[in-house]
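[1] Could you work out the structure for the sequence below:
(one chain, ligands or ions: 1)
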Amino acid sequence: MNKVTVNASKKYDIVIGAGLLRDAGQVIKNFCRGGKVFTVSDDNVFPLYGEALRTSVRKSGLEHFEFVFKAGEASKNLSVYSRIVENMCAAGLTRGDVAVALGGGITGDITGFAAATYRRGIAFVQVPTSLLADVDSSVGGKTAVDLDNGKNQVGAFWQPSAVICDTDTLKTLPEEEYRNGCAEIIKYGMLGDGDLFYKVKNVPVRNDYSGIITRCVEMKRDIVERDEFESGDRMLLNLGHTFGHAVEKLSGFSIAHGKAVAIGMNIITTAAVKLGLAPKGTETVLREALLSYGLPLSTTYGSDEICRAAAGDKKTVGESITLVVPTDVGSCRLIRVPVEDLKNYALAGGLK
Ligand code: GLY
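    Sure, this is the predicted structure:
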């Protein structure tokens, strides 16, 4: 088992390894003075791992409650959030009890937001079951739900008390979800670790889940410790997001986050090379890595609609936006640009 400790506004451990779900109850017990555990999961994940979690929690002498919602981004909204907190109330959860997110990023985000706000905040433990949640969303304390006009528009920074990444849960991960997670891992390599980038470019991620998840989580730990509330360096994690989120939004979220980030990374890296900000060939190795995981490179949306959608993103501050621009494989910089300059990057990035 690997362990990474995050020293943010809350100090917590992320444990990574096979078979960890079996002992999740013992970990959760450390934060549960009230004796009640409220698990939130979706109807894809709960039938696979709900029983194992429930058994582990009960074996640790804790009472277990569960709330299962319909899988999918469409559930990450205020009405499901409201049902979760109403159910927490009906279960008699106090401030000494614990919420558990069992699932992927959507489950982690909505459960974390419920935990952040229920009785002004209760402890929560992340038990990610997707690669994307393992390497990104379960760590760092971003919690949120969507509004009709965009993703993650209502949320809070609320760090988990622990993160338990049981790599055995990845055995049931659908191929598409595996690819989405790999896009995030390639992103980590591009933004700050060339060795990681070339490792996953040359050898499939699934050959070393524990090692690769641990490396990504260490990188995220370092960034979150420097800038927990995203006023600077944490924005580096948004590589590929400016154009990627626009693609996701324009597709009505039918293009998954990982794929959209892949497209976004290709656009911004192509632009960086064209504008002389990154050496020639940077875009070629990125494309090779993305293609080796069956990830898309391009979109049929045009530069005007992409820029309109990107300008509406919550990363816009006033009339400007911070772009994460690769300067090489394994390094990036933040460039603040007026919103009207986005189009230059989109065109240089190959959009029509
Ligand atoms: N997913 C990006 C972040 O946690 O900041």
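[2] from memory Leu334 sits against Leu236, does it?
    Yes: under the criterion of CB atoms under 8 Å, Leu334 makes contact with Leu236 at 6.9 Å. Backbone N, C-alpha and C define where each C-beta goes, glycine included.
[3] The two: which has the busier surroundings?
    Comparing Leu334 with Leu236 by other CB atoms under 10 Å, the one with more neighbours is Leu236, at 21 against 13.
[4] What residue, apart from its backbone neighbours, is nearest the more buried one spatially?
    Leu191 (5.2 Å; CB to CB, 6 or more residues apart in numbering).
[5] for Ala156, same thing?
    Ala156 sits nearest to Ala116 (CB to CB, 6+ apart), 4.1 Å away.
[6] list the helices and strands the helix or strand encompassing Val80 packs on?
    Element membership of Val80, judged by DSSP states H and E, is helix 78-90. Helix 78-90 sits against strand 36-42, strand 63-69, helix 105-117, strand 142-147, with contacts defined as 3 or more CB pairs under 8 Å, 6 or more residues apart in numbering; DSSP states H and E.
[7] go with 10 Å
    strand 36-42, strand 63-69, strand 98-103, helix 105-117, strand 142-147, strand 150-157 (3 or more CB pairs under 10 Å, 6 or more residues apart in numbering; DSSP states H and E).
[8] Number of residues surrounding Pro174?
    Per other CB under 10 Å, the neighbour tally for Pro174 reads 10.
[9] on that earlier part again, if I look at the residue nearest to Ala156, what pLDDT would I see?
    Ala116 is assigned 98 on the pLDDT scale.
[10] the bottom helix or strand of this protein by mean pLDDT?
    Least confident helix or strand of the chain, by mean pLDDT, DSSP states H and E, is strand 316-317 with a mean of 62.
[11] Could you point out the helix or strand that follows that strand?
    Per DSSP H and E, the helix or strand that comes after strand 316-317 is strand 320-328.
[12] That next one near the ligand anywhere?
    No: using CB under 6 Å from any ligand atom, strand 320-328 stays clear of the ligand, coming no nearer than 10.9 Å.
[13] Can I get that strand in PDB, CA atoms only?
    The C-alpha trace of strand 320-328 is given here as PDB (Å, rounded to 0.1, in the frame of the first residue of the first chain):
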ATOM      1  CA  SER A 320      -9.500  38.100 -18.900                       C
ATOM      2  CA  ILE A 321      -8.800  34.500 -18.600                       C
ATOM      3  CA  THR A 322      -5.800  32.500 -17.400                       C
ATOM      4  CA  LEU A 323      -4.500  30.000 -20.000                       C
ATOM      5  CA  VAL A 324      -2.300  27.000 -19.100                       C
ATOM      6  CA  VAL A 325       0.200  26.900 -21.900                       C
ATOM      7  CA  PRO A 326       2.800  24.100 -22.300                       C
ATOM      8  CA  THR A 327       6.400  25.200 -22.700                       C
ATOM      9  CA  ASP A 328       7.600  21.700 -23.200                       C
END
